[in-house]
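[1] Structure here, sequence nowhere to be found:
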């Protein structure tokens, strides 16, 4: 491990601003309950529908429509734990989900990568994912590892397990599964995690992975999604629910309407999980955006996203459930001015909203392309936000008046003892340009992307992730091979 990555940096939750007034918060909740009671949610599996009916939901088996009474929702929220630990393979990377810290996650499962050597956009591979994990392991700002890109060169049937292998082999940090969306694959994930953790009880005590299931907006959970969540929860693995609606397409045209629908989908997932596994650790996830009216694609990065981020995190706080909020997912195609503006504003919005997990570091083009350079630039933004939220940076010493008096009018602080003792508390950028004009010209006038690519190369050439225990990797590969030879799914040609 490099000296830069002794532990994980989190943001202290010292700033807060609400997007919704108390009246608006109550209105969103009331309309959400109306949607869940009167409209309901589509649930793909008949066995799941029957289980929810036995728990008190109104179920139409012919349409697989599930309607949730308000009391069922409220009881589920009461059962959901407020705090828990997302453990890591290396214990010093454990994350306390306690309402006091915000953590940054890589994100997205993008289908393509912006090659940091050639600058070309191309399909991502398992080796690309392994490289991204090694880089994320080296950055103390990165706390949680989604699958930031797809291992598209692996068989579709076992792709999620290959991605998990690449992650465990290249980082000691907590891993969050987003691509294991059937109970069969979830069982494979749990089996691998048990091998790495040291057994079933070890995984239950220290869940080194977590997961989430996505709704299919509007108001659908496909067959297998809730069943996969049950597999995770029964193994002691935290499992949340994340929505990704697009206003005007898979969500209402207004941000407020999309918020109500999103809230309904998340609460339906949480309620189903608490029915199946009471007291299971879960979280409230929102990655909502809007449609670009000119192209029909997801816009990502606009002001509506900021509102939805803040409102969703506020709802999660109001319910007492940890939140995972889509944050760094610029619509820009390269790490440029647009990416900096959108991700800077988005990061600040998630900080003010009190998000527990801030997701999206490294994503470009509305989460469709991944960039290692953007990952380190987003880490730089997170580092800046850390300084902004650190109250100690603005603590006032009782002796400051004496320091000012000792210098007096017209003096300077360059050689003052107080300066020598405190100057290293100032924020020091790794990538922001502060060269003189002449030095900048001599360096070839580098921009953010060039500086970030240089840092990517430096970290990848020096960082060594913590190795897996002897025999563990062989056992992971054995599990993947057995899964591929089984009858749990069909490979793409």
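    Received, thanks. Just so it is clear, the model here is predicted, and its values are computed rather than measured.
[2] any idea which element the spatially most central residue of the chain lies in?
    The residue lying closest to the centre of the chain (Cα atoms, centre = their mean) is residue 359, at 3.1 Å. Element membership for residue 359 (DSSP states H and E) is strand 357-361.
[3] That strand packs against which elements?
    On a contact count with 3 or more Cβ pairs under 8 Å, 6 or more residues apart in numbering; DSSP states H and E, strand 357-361 meets strand 101-106, strand 142-145, strand 323-326, helix 337-353, helix 372-389. Every C-beta, even on glycine, is put in place using the N, C-alpha and C of the backbone.
[4] tell me the contacts of residue 164?
    Residue 164 makes contacts with 175, 177, 180, 189, 192, 193, 209, 476, as judged by Cβ atoms under 8 Å, 6 or more residues apart in numbering.
[5] if we can go back for a sec, with mean pLDDT as extra columns, can I get the helices and strands packed on strand 357-361 in CSV?
    Formatted as CSV, the helices and strands packed on strand 357-361 follow (pLDDT from 0 to 100):
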stretch, mean pLDDT
strand 101-106, 96
strand 142-145, 97
strand 323-326, 96
helix 337-353, 95
helix 372-389, 94
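[6] and among those, the most buried is which?
    Among these, ranked by average contacts under mean count of other Cβ atoms under 10 Å, first place goes to strand 323-326 (a mean of 29).
[7] what's the offset of it from the middle of its chain?
    Strand 323-326 sits 6 Å away from the centroid of its parent chain (Cα atoms, centre = their mean, to the nearest Å).
[8] The nearest residue to residue 154 once chain neighbours are set aside - how many residues pack around it?
    Distances taken as Cβ to Cβ, 6 or more residues apart in numbering put residue 162 closest to residue 154, at 4.1 Å, once the chain neighbours are dropped. Here the number of neighbours of residue 162 (other Cβ atoms under 10 Å) works out to 21.
[9] can you list the weak-confidence ranges in the chain?
    Low-confidence segments of the chain (pLDDT under 70): 1-6, 487-493.
[10] could you point out the longest helix in it?
    As assigned by DSSP state H, the longest helix anywhere in the chain is helix 255-276.
[11] So what touches stretch 215-228?
    With Cβ under 8 Å, 6+ apart as the criterion, stretch 215-228 contacts 35, 39-45, 47-48, 180-183, 185-186, 211, 213-214, 241-246, 250-251, 261-262, 264-266, 268-269, 272-273, 276.
[12] related to what we said a few turns ago, looking at the helices and strands packed on strand 357-361, spot the one closest to residue 301.
    Shortest distance between residue 301 and these, using Cβ to Cβ, is found for helix 337-353: 3.7 Å.
[13] sorry, back to before: can you give me the offset of the longest helix of the chain from its chain's centre?
    Taking Cα atoms, centre = their mean, one finds the center of helix 255-276 at 18 Å from the center of the full chain.
[14] Which SSE is immediately downstream of it?
    Assigned by DSSP H and E, the successor of helix 255-276 is strand 284-286.
[15] What pairs with that next one, parallel or antiparallel?
    Strand 284-286 pairs in its sheet with strand 239-243 (parallel), strand 323-326 (parallel), by DSSP bridges.
[16] Sheet partners, orientation included, of the helix or strand just after that strand?
    Using DSSP H and E, the next helix or strand after strand 284-286 towards the C-terminus is strand 289-290. Using DSSP bridges, the strands paired with strand 289-290 are strand 246-247 (parallel).
[17] Going along the chain, name the strands of the stretch 51-200 of the chain.
    Along the stretch 51-200 of the chain, counting by DSSP state E, counting those that start in this stretch, strands occupy 58-60, 65-67, 84-86, 95-97, 101-106, 112-114, 121-123, 142-145, 174-177.
[18] now these as CSV including distance to residue 14?
    Converted to CSV, the strands of the stretch 51-200 of the chain look like this (distance: least, Cβ to Cβ, whole Å):
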stretch, distance to residue 14
strand 58-60, 44
strand 65-67, 41
strand 84-86, 21
strand 95-97, 16
strand 101-106, 10
strand 112-114, 35
strand 121-123, 39
strand 142-145, 18
strand 174-177, 23
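[19] To residue 337, which of the ones you listed lies closest?
    Among the strands of the stretch 51-200 of the chain, strand 112-114 comes nearest to residue 337, with 16.6 Å by Cβ to Cβ.
[20] Note down every partner strand of the closest one and its orientation.
    When pairs are called by DSSP bridges, strand 112-114 turns out to pair with strand 121-123 (antiparallel), strand 369-371 (parallel).
[21] What lies in contact with the first one?
    Where contact means Cβ under 8 Å, 6+ apart, the residues beyond strand 121-123 that reach it are 111, 112, 113, 114, 115, 152, 153, 369.
[22] again with stretch 450-461
    2, 4, 116, 131, 134-135, 138-139, 335, 372-377, 430-431, 433, 444, 446.
[23] Now do the buried residues in it.
    Neighbour-count burial for stretch 450-461 flags 451, 452, 453, 455, 456, 459 (criterion: 16 or more other Cβ atoms under 10 Å).
[24] Turn the helices and strands packed on strand 357-361 into JSON lines, columns for distance to residue 310.
    Listed next are the helices and strands packed on strand 357-361 as JSON lines, based on distance: least, Cβ to Cβ, whole Å:
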{"stretch": "strand 101-106", "distance to residue 310": "13"}
{"stretch": "strand 142-145", "distance to residue 310": "20"}
{"stretch": "strand 323-326", "distance to residue 310": "9"}
{"stretch": "helix 337-353", "distance to residue 310": "4"}
{"stretch": "helix 372-389", "distance to residue 310": "15"}
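[25] Looking at these, spot the one closest to residue 425.
    helix 372-389 (9.0 Å).
[26] Give me the contact list for whichever helix or strand comes after the closest one.
    As assigned by DSSP H and E, the chain's next helix or strand after helix 372-389 is helix 400-407. Here helix 400-407 makes contact (Cβ under 8 Å, 6+ apart) with 397, 413, 416, 418.
[27] Mind doing that once more with 7 Å?
    413, 416, 418 (Cβ atoms under 7 Å, 6 or more residues apart in numbering).
[28] Let me see the contact set for the closest residue to residue 133 other than its chain neighbours.
    Spatial nearest neighbour of residue 133, chain neighbours left out: residue 170 (3.8 Å); criterion: Cβ to Cβ, 6+ apart. Shown in contact with residue 170 (Cβ under 7 Å, 6+ apart): 130, 133, 134, 137, 465.
[29] how much distance is there from stretch 43-50 to the middle of the chain?
    For stretch 43-50, the distance to the chain centre is 28 Å (Cα atoms, centre = their mean).
[30] Ignore what I typed, I meant stretch 97-108.
    7 Å.
[31] Pop the domain breakdown of this protein in here.
    Per automatic domain parsing, the domain ranges recorded for the chain read 1-395+427-493, 396-425.
[32] Deepest in the core, which of those is it.
    Using mean count of other Cβ under 10 Å, the stretch among the domains of the chain with the largest mean neighbour count is domain 1-395+427-493, at a mean of 20.
[33] ok now that domain, how far from the chain's centre?
    The mean C-alpha position of domain 1-395+427-493 is separated from the chain mean by 3 Å, Cα atoms, centre = their mean.
[34] One more: stretch 380-399?
    So, by Cα atoms, centre = their mean, the centroid of stretch 380-399 is 24 Å from its chain's centroid.
[35] Start and end of that stretch, how far apart?
    Length of stretch 380-399, first residue to last, Cα to Cα, to the nearest Å: 33 Å.
[36] returning to that earlier point: got the phi/psi numbers for the residue nearest to residue 133?
    phi -130, psi 10 (degrees, to the nearest 10).
[37] Which of the helices or strands spans residue 331?
    Using DSSP H and E, no helix or strand contains residue 331.
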